[in-house]
Each structure stands twice: as C-alpha cells, then as structure tokens.
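Trainee: just coords:
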C-alpha cells in the first residue's frame, strides 16, 4: 500500500516529465494500482501540482480544445472546397 508522501512524489516526478494531470492519473492507476488519488492523498492531482508549483498555466481541457480548433483551421485552410463543413 502506497503512502501519501510516496504518491505525491510520484505525481511530481511524472509532472516534471511533462505529463498532464489526466495522464498522471492513468499512469498511477495502471502502474501503481491507485484507483483514485484523492482517496490515498486526500487531495486531487491538480491541487497537489499547484501546491508544488507544477500546475500547467492553461487548464488541460481548454488546451486540448484550442489544439483541436487550430487543427481544424489548418485543415480548412488547406482544403478550401469544404463548403458544407465551414461554419
């Protein structure tokens, strides 16, 4: 059974590698058998990252929405004949 300090250390190590909070949760679930970080540590992953100064500047869901919008724009610029898919 993993202790709170060990879980926080693993979360910080994975964040320093560049993983986002959801990827950290999946890694902890698959590799270390922690189904929910909150039950072990008492805090959510993002709160642990904020406490250690490792939180991302942009929220994860907003980052992926922006990334998707940029990809769609790029696609529509390349394929100008898509009349029905333009908004």
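Mentor: Everything's here; your move. Here the structure is a predicted model, which means the values were calculated and not measured.

Trainee: not counting sequence-adjacent ones, nearest residue to residue 28?
Mentor: Spatial nearest neighbour of residue 28, chain neighbours left out: residue 34 (4.4 Å); criterion: CB to CB, 6 or more residues apart in numbering. (Glycine included, C-beta is placed from N, CA and C.)

Trainee: and the one you found, what does it touch?
Mentor: Contacts for residue 34 were tallied using CB atoms under 8 Å, 6 or more residues apart in numbering; they are 2, 7, 28, 40.

Trainee: could you measure from it over to residue 24?
Mentor: From residue 34 across to residue 24, the span is 10 Å (CB to CB, to the nearest Å).

Trainee: with residue 1 instead?
Mentor: On the measure of CB to CB, residue 1 and residue 24 end up 19 Å apart.

Trainee: any stretches of the chain with poor pLDDT?
Mentor: Along the chain, the model assigns pLDDT under 70 to residues 83-87.

Trainee: let's see it at 80
Mentor: 1, 82-87 (pLDDT under 80).

Trainee: middle-most residue in it, spatially?
Mentor: By CA atoms, centre = their mean, the chain has its centre lying nearest to residue 20, at 2.8 Å.

Trainee: of the contacts of residue 34, keep whichever come out buried.
Mentor: When those are checked for burial by 16 or more other CB atoms under 10 Å, the buried set is 7, 28, 40.

Trainee: just give me the closest of these to residue 59.
Mentor: residue 28 (20.1 Å; CB to CB).

Trainee: can you tell me the element the closest one falls in?
Mentor: For residue 28, the host element (DSSP states H and E) is helix 21-32.

Trainee: could you point out which element follows that helix?
Mentor: With elements assigned by DSSP H and E, the helix or strand that comes after helix 21-32 is helix 37-41.

Trainee: which residues sit against the helix or strand just after that following helix?
Mentor: Later in the chain than helix 37-41, the nearest helix or strand by DSSP H and E is helix 45-51. Applying CB under 8 Å, 6+ apart, the contact partners of helix 45-51 are 8, 11, 12, 15, 21, 24, 25, 37, 41, 43, 55, 56.

Trainee: repeat that with 10 Å
Mentor: Residues outside helix 45-51 that contact it (CB atoms under 10 Å, 6 or more residues apart in numbering): 4, 7-8, 11-12, 14-15, 20-25, 28, 37-38, 41-44, 54-56, 59-60.
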